[in-house]
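> Here you go, sequence then predicted model.
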Amino acid sequence: MAYEIWHMYILGLTTLGDSAASLICDGKLIAAAEEERFSRVKHHSGFPYNAMQFCLDQAGIGIGDVEHVSLYWKPWILGHKAVQALKSLVISPDMFSARVDRGVAQVSDSYLGMLKLPRMIRRRYGGSGFRFRYLEHHLCHAASAFLVSPFESAAIFTMDGTGEETTTMFSHGRGTRIDPLKRIKLPHSLGQFYSAVTNLLGFDMFGGDEWKVMGLAAYGEPEFYEFFSRRVLTTNGNYDFHVNIRVLDHHLAKRYQFSDEALEALGPARRPGEPINERHQNIAASAQKALEDVVLYLLEGLHRQTGEENLCLAGGVAFNSVMNGRIINESPFKRVFIQPAAGDAGCSLGAAFLTHNTILKNQRVFEMDHAYWGPRFSNEECAGALGASGLKFETLPDEDLLPRVARMLAGGAIVGWFQGRMEFGPRALGNRSFLADPRRADMRELLNQKVKLREWFRPLAPSMTEESSAEIFGVHRNDPFMVTVFTVAEDQRARIPAVVHVDNTARPQTVSRETNPRYWNLIKEFERLTGVTALLNTSFNVQEPIVCSPNDAVRTFKGASFDALVLENLLALRPEQ
Ligand SMILES: [Fe+2]
């Protein structure tokens, strides 16, 4: 007699900005991906049709097999947004009308759309057995970190632009429980503060340009720190913070409008495209320091309240890797866990685990120790893409391919490296990466300006074997997800200049032999040739989302100027080589 084995599938969804889907089976992650990788629209906002279908295909199931579908948002919590709109009436009537217009558009496009989701999914995909849940945004963030962390108990700190109304949350995670301890609400938002500074500096906060402010900060001095910490982002002695929107308002900043007080203190805002000067660098350095100091202060409170030595971080602000470095070095917490999709995409992961562990009270059986949860493509599929594009290629076994790629890298080539399952989260971690020689000081400029077509000051990061991090940093560091910045040991800086930022820091990916053996072996091949156990690793994309499929990689290869493309076991060289 045959018995069918029953599995519990739970699907988590993020649908507004950085849309994504995550699927878990019996409490273990099966698949997770951002919709942007399929749609090729950065930070895709809207239902993640492709990502959800990929998750179901990866598991070999249909929606009829899914028992629970959980969304990362409670669309009916709009009250605080209305209060915000009224507050803006006091500051700027012009802004008020824009906000009302936008609010109406948002409600009809997205929040009401969310209420229709269960029906839409049933109608489009069939299957009516699943139970649909709307979950609090910051609880999803908290779950996305804690429930997949190695910790049995931990303090959890989540911070972003905003959820339904909460922007920052203190929680305590124990076993499968997550107890919120404090919620800080709009307009007091660390994410919105940083976004406003992003626009003040002439960058685009909708395009995710917050990275640029952090990169630029290393070049400046905190000349304006007093202004930010006394007038804009203040603390009140109760492990709380306050953003003074009369001085720097996120919504006005969206339209490059700033208060007289801000302009008087900081000088004129930088227009997009205007050359970057020392003052801009100093504004970035000052805002960065103000953010870091407030977060360290809040964490002191969270530590007191929980007594925990473990900390989980999530929310978009948790991508601030410079801040994370200070948290590791200066906060009272001994261990810190941040998963690779710490932003809203990761809420799909959190929604699924929150449902499985916290709501349904199932034991935790999963720890996220790598980011490779996206699609994988076979050598045949890769050959198909290369063949269709007319590119010549060779097929090589790993024992020949890896030493050859290492030799090319040591000889100065930039290689598009595509293998295995795509990363979940914004960092390329050796499966969809541009690789280059970190010993060459000119590589940063070459990659930023000739290949990736972006600003000169963007730092580039190293991948290194786990075992070599102690040598490079002078103390063992473990960060498989490239979310923390550390100071490079003095004697190592000149060895890998392309991946050491102007302030002598680097944001490493420590590569594990267990979770990515092929990439680990490639780094070891490079070490055999050069004595350096690190590669320069930056995401495989040119002004687009990171490549997902072999076709994306081939199209990028044809349109950009890098030297070689590796798709699994296939190697294509640029014709002139
Ligand atoms: Fe968020």
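It's in. This one's a predicted model, so the numbers in the text were calculated from it and none came from an experiment.
> Next, the contact list for residue 241, please.
The contact partners of residue 241, taken as C-beta atoms under 8 Å, 6 or more residues apart in numbering, are 168, 184, 188, 190, 233, 234, 235, 294, 297, 298. Just so you know, the C-beta spots here come from the backbone N, C-alpha and C atoms, and that holds for glycine as well.
> Now, of those residues, which are buried?
168, 184, 188, 190, 233, 234, 294, 298 (16 or more other C-beta atoms under 10 Å).
> will you turn those residues into a markdown table that also has pLDDT, distance to the ion and secondary structure?
Listed next are those as a markdown table, based on pLDDT from 0 to 100; distance: C-beta to the ion, whole Å; DSSP: H, G, I helix; E, B strand; the rest coil:
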| residue | pLDDT | distance to the ion | secondary structure |
| --- | --- | --- | --- |
| 168 | 98 | 11 | strand |
| 184 | 96 | 13 | strand |
| 188 | 95 | 15 | coil |
| 190 | 97 | 11 | helix |
| 233 | 97 | 19 | strand |
| 234 | 97 | 23 | strand |
| 294 | 98 | 18 | helix |
| 298 | 98 | 17 | helix |
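> biggest separation within those residues, which pair?
168 and 234 (14.2 Å; C-beta to C-beta).
> how many neighbours does the closest residue to the ion within the stretch 451-577 of the chain have?
Closest to the ion within the stretch 451-577 of the chain is residue 483: 15.7 Å, counting by C-beta to the ion. Number of residues near residue 483 (other C-beta atoms under 10 Å) recorded here: 24.
> For the closest residue to it other than its chain neighbours, give its distance to residue 138.
Distances taken as C-beta to C-beta, 6 or more residues apart in numbering place residue 338 nearest to residue 483, at 4.7 Å, with adjacent residues excluded. Separation of residue 338 from residue 138 (C-beta to C-beta, to the nearest Å) stands at 16 Å.
> Repeat that for residue 280.
32 Å.
> more crowded one of these two?
residue 138 (30 against 23).
> thinking again about what came up before, would TSV of the buried ones among the contacts of residue 241 with distance to residue 35 be doable?
Formatted as TSV, these follow (distance: C-beta to C-beta, whole Å):
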residue	distance to residue 35
168	26
184	29
188	30
190	26
233	32
234	38
294	32
298	32
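> ok, these vs residue 354, which is closest?
Among those, and counting by C-beta to C-beta, the member closest to residue 354 is residue 168, at 18.4 Å.
> wait, what's in contact with the closest one?
Contacts for residue 168 (C-beta under 8 Å, 6+ apart) come out as 157, 158, 159, 183, 184, 188, 189, 190, 241, 298, 315.
> which non-adjacent residue is nearest residue 39?
Nearest to residue 39 is residue 50, by C-beta to C-beta, 6+ apart, at 6.4 Å.
> which ones are touching the one you found?
35, 38, 39.
> Quick one: which of the residues you listed is the most crowded by neighbours?
In the contacts of residue 50, the most neighbours by other C-beta under 10 Å go to residue 35, 29 neighbours.
> Would you mind confirming that it makes contact with residue 17?
No. Using C-beta atoms under 8 Å, residue 35 makes no contact with residue 17, being 10.2 Å away.
> Settle this for me: residue 47 is touching residue 117, isn't it.
Yes. Residue 47 lies in contact with residue 117 (C-beta under 8 Å); the separation is 7.5 Å.
> Below-threshold pLDDT in the stretch 51-200 of the chain: ranges please.
Across the stretch 51-200 of the chain, the ranges flagged by pLDDT under 70 are 79-110.
> what about the helices in it?
Along the stretch 51-200 of the chain, the stretches classed as helices by DSSP state H, counting those that start in this stretch are 79-91, 93-106, 112-115, 117-125, 137-146, 190-200.
> So for the fourth one, what gets flagged as buried?
Read it as helix 117-125. 117, 118, 121, 122, 125.
> what sits against the nearest residue to residue 559 once chain neighbours are set aside?
Computed as C-beta to C-beta, 6+ apart, the closest residue to residue 559 that is not its neighbour in sequence is residue 542, at 6.8 Å. Residue 542 makes contacts with 451, 452, 453, 556, 559, 560, as judged by C-beta under 8 Å, 6+ apart.
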